[in-house]
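Engineer: pasting the sequence and the predicted model now:
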Amino acid sequence: MTPFPSRLRATLSALALALAPPALAQEAPPGAPRSILPPAAAEEPATPPETDSRPLVETGSLTQGSAARLGIPDAGSGGFDETLWQDTSPVTVTTLLPNLPIATGSPALHDLNRRLLLSAATLTPQAGDAAHGDAERAVLAARLRLLSARGDLDGLAALAGRVGRELEDDEIVRLKAAVALLTEDFEAACVTASDQVGRAVDGEWLKLLAYCRALSGDRAGAALSLELLQETAAADPVFYQLLNARLAPPPEAPVKLKSLHPATPLLLAMALEQGVALPNDVFKDASPLVLAKLAATPALAIEKRLQAARAVAERGGLTVDRLREIYAAAPFSKLDRLGAALIAAELPPALADALLYQGIVAANNGAERARMVQAASLLAARQHALPTLAYLVADAVAEIAPTSETLPAAADVTRLLLLAGRSQEAALWYAALRAAASGGDGKATATLIDLWPLAIIGAAADAASFSPEILDLWRQSRQALDEDAHRQQELTLFTLLEAVGYAVPEIAWAGLSGDPAASAEAPPSDPIWTGMIDAAASGRVGETVLSAAIVSGEGGPAATPPLLMASVVRALKDVGLEADARRLAVEALVARGF
């Protein structure tokens, strides 16, 4: 591994001296009964649907002690390979993993974390470790829990559906049942309920079993379950209302719910299975998983669906394909899409996102699409949501060619492409700007200078180059900023430049007012920060990624102090994740006005 560059290394070393050493050691039509209760011998759970273009497959038979071998098989399929945790103590993994934060609004971090959670990898056994199987099961449970917290219903279904009974505990069983209900796999949910009721009397399992019997037309069985349920003193009027409606003859008037709060997976599944209109409070305090289901429910008002989708996407719980599918469902007219740039500013955020997405995708030509990108970027910048916009429209933006008609949008197009990690397409725009600037176009020259930090950090192929003279030219262009903003931008850029391998001249560092080290804030967890540096130096990929995500915190690159962000970028680069490192660095720059 290459060492940290001079200035960054010196500053990080000073921080490290003050830190302690690591202490981490499908829907049944009403009135059509069918048997969905489990047979005498339990059936294997159905294979859940794939999430998107990255298929999730089982990488081996699941037995005790192999709980980690679930998910995406290798790097070629979008994940990490099986050596992800090589040379990392299982104690370290089980200690760190539950602390993985939900970094809102950072698609680059969301993507990295999702791959970490879904990748199949084996923990390294420790000498004399008799509890290795327990550690692997703890890691599996943490992965499932974190996918649930993100609202990643697709990912959770893919992973949970492959967990054999020998690896289940109470939490995993409940998660699997919730996923089955939210994906309308009533058969799997009912198999689980029957099994769990046979082990212990629990109100929630009895509710599910009663509903299962009602679905199969077994009124006597449902009544028996209700008798047992009453002994638990479980008060849930919405459940009884929905159950009674399911047991009633078909001519019965449809159910009208006054409230569905809190919307548990069971209550929501019951309401949707019966085609009941959902009250507005179904969204109140809804869990991320429930929001993900609501976002994918066509019967809901589109504005509510979009609101739910946006909330889940902010947590990283929706793949880009799923988000685009939901946004494309909004019923905007051709006239709406043509006027999206003006109309979106007056709409609620989720509707505005959907309209601008449709406007960009439906544009008739490059110039029209480029103008739409400018309008969408302006609105997203006001909402601090440029990374999310880039994630959503990258494919459509990449189709715009740099021409004399589209070049006025070069700054916004290039910024979005770099945020999405599309450096090759961004390089074409940067080269077009450079050609225009060399022809005497003053506006192109100014745009070129403004974009240079993003282009050099985002690795826009060979279009952008580094030299002390270019750096000085960029610094001079920042003189109009107030002193604090100027200093913050320089500190951010200098540290990130050195993190990706460029040597910033000492004269440039000297030009910073004050001591750059004084701008550093204490890491969120000192042992984790120092552990990240050590893991990167030793090539421990999983530990580096996990520690880097924790160091970045819930605010992600937008809120991480420059020196800490630089250390995260450098650590990821050192373990071979340069593309991820640069996407995070670009997000950090954009959040600071670049």
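Structural biologist: Done, it's in. Residues are numbered from 1 along each chain as shown.
Engineer: where does pLDDT dip in the stretch 201-350 of the chain?
Structural biologist: 233-234, 251-253 (pLDDT under 70).
Engineer: can you give me the helices in it?
Structural biologist: 203-215, 219-231, 237-247, 265-273, 288-295, 302-314, 320-328, 334-338, 340-343, 349-362 (DSSP state H, counting those that start in this stretch).
Engineer: between those helices, which gets nearest to residue 534?
Structural biologist: Ranking the helices of the stretch 201-350 of the chain by proximity to residue 534 (C-beta to C-beta) places helix 302-314 first, at 32.3 Å. (C-beta placed from N, C-alpha, C; glycine too.)
Engineer: what residues does the residue nearest the centre of the chain make contact with?
Structural biologist: Centroid check for the chain by C-alpha atoms, centre = their mean gives residue 316 as the closest residue, at 2.0 Å. By C-beta atoms under 8 Å, 6 or more residues apart in numbering, residue 316 lies in contact with 102, 103, 106, 107, 109, 110, 111, 113, 114, 150, 152.
Engineer: correct me if wrong: the third one contacts residue 556.
Structural biologist: Yes: with contact defined as C-beta atoms under 8 Å, residue 106 counts as touching residue 556 (3.4 Å).
Engineer: what's the overlap in contacts for these two?
Structural biologist: residue 587.
Engineer: who has more neighbours, those two?
Structural biologist: Higher neighbour count among residue 106 and residue 556: residue 106, with 30 against 26, using other C-beta atoms under 10 Å.
Engineer: need the pLDDT of that one.
Structural biologist: For residue 106, the pLDDT comes out at 95.
Engineer: likewise for residue 563?
Structural biologist: 91.
Engineer: distance of it relative to residue 585?
Structural biologist: 13 Å (C-beta to C-beta, to the nearest Å).
Engineer: those two: who's more crowded?
Structural biologist: Remark: of residue 563 and residue 585, residue 585 carries more neighbours, 32 against 23, as counted by other C-beta under 10 Å.
Engineer: just checking, that one touches residue 454?
Structural biologist: No: applying C-beta under 8 Å as the test, residue 585 and residue 454 come out as separate, 9.3 Å apart.
Engineer: burial check on residue 482, number of neighbours?
Structural biologist: Residue 482 has 8 nearby residues by other C-beta under 10 Å.
Engineer: who are the neighbours in contact with residue 96?
Structural biologist: 24, 528, 543, 546, 547, 550.
Engineer: so which of these belong to helices?
Structural biologist: Residues of those located in helices (DSSP state H): 528, 543, 546, 547, 550.
Engineer: for residue 93, see how far away the second one is.
Structural biologist: In this case it means residue 543. 7 Å.
Engineer: what's the answer for the third one, then?
Structural biologist: With distances defined as C-beta to C-beta, the gap from residue 546 to residue 93 amounts to 7 Å.
Engineer: and what of the fourth one?
Structural biologist: To residue 93, residue 547 is 11 Å away according to C-beta to C-beta.
Engineer: just give me the longest helix of the protein.
Structural biologist: helix 132-150.
Engineer: which helices and strands does the helix or strand following that helix pack with?
Structural biologist: Note on helix 132-150: by DSSP states H and E, the next helix or strand toward the C-terminus is helix 153-160. Other elements packing on helix 153-160 under the criterion 3 or more C-beta pairs under 8 Å, 6 or more residues apart in numbering; DSSP states H and E are helix 107-118, helix 132-150, helix 170-182, helix 288-295.
Engineer: outline the domain layout of this structure.
Structural biologist: The record's domain parsing of the chain by automatic domain parsing lists 82-250+258-290, 334-465.
Engineer: switch the ones you listed over to a markdown table; also include distance to residue 299.
Structural biologist: Output for these, formatted as a markdown table (distance: least, C-beta to C-beta, whole Å):
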| stretch | distance to residue 299 |
| --- | --- |
| domain 82-250+258-290 | 7 |
| domain 334-465 | 18 |
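Engineer: out of these, which is closest to residue 535?
Structural biologist: Evaluated over the domains of the chain, closeness to residue 535 peaks at domain 82-250+258-290, with 7.2 Å, by C-beta to C-beta.
Engineer: ends of the closest one, what's the gap?
Structural biologist: End-to-end distance of domain 82-250+258-290 (C-alpha to C-alpha, to the nearest Å): 32 Å.
Engineer: got a list of what the residue lying closest to residue 288 once chain neighbours are set aside touches?
Structural biologist: Closest residue to residue 288 apart from its sequence neighbours, by C-beta to C-beta, 6 or more residues apart in numbering: residue 151 at 2.9 Å. By C-beta under 8 Å, 6+ apart, the residues touching residue 151 are 287, 288, 289, 291, 292, 311, 312, 315, 317, 318.
Engineer: mind putting these into TSV with neighbour count and distance to residue 590?
Structural biologist: Formatted as TSV, those follow (neighbours: other C-beta atoms under 10 Å; distance: C-beta to C-beta, whole Å):
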residue	neighbour count	distance to residue 590
287	17	31
288	22	25
289	25	30
291	24	27
292	28	27
311	21	22
312	27	22
315	19	20
317	29	22
318	31	21
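Engineer: which one of the residues you listed is nearest residue 495?
Structural biologist: Proximity of the contacts of residue 151 to residue 495 (C-beta to C-beta) peaks at residue 315, which lies at 28.0 Å.
Engineer: hmm, back to that, what residues are shared contacts of residue 546 and residue 93?
Structural biologist: Counting by C-beta under 8 Å, 6+ apart, nothing touches both residue 546 and residue 93.
Engineer: compare neighbour counts for the two and give me the winner.
Structural biologist: Shown here are residue 546 and residue 93; by other C-beta under 10 Å, residue 546 has more neighbours (27 against 24).
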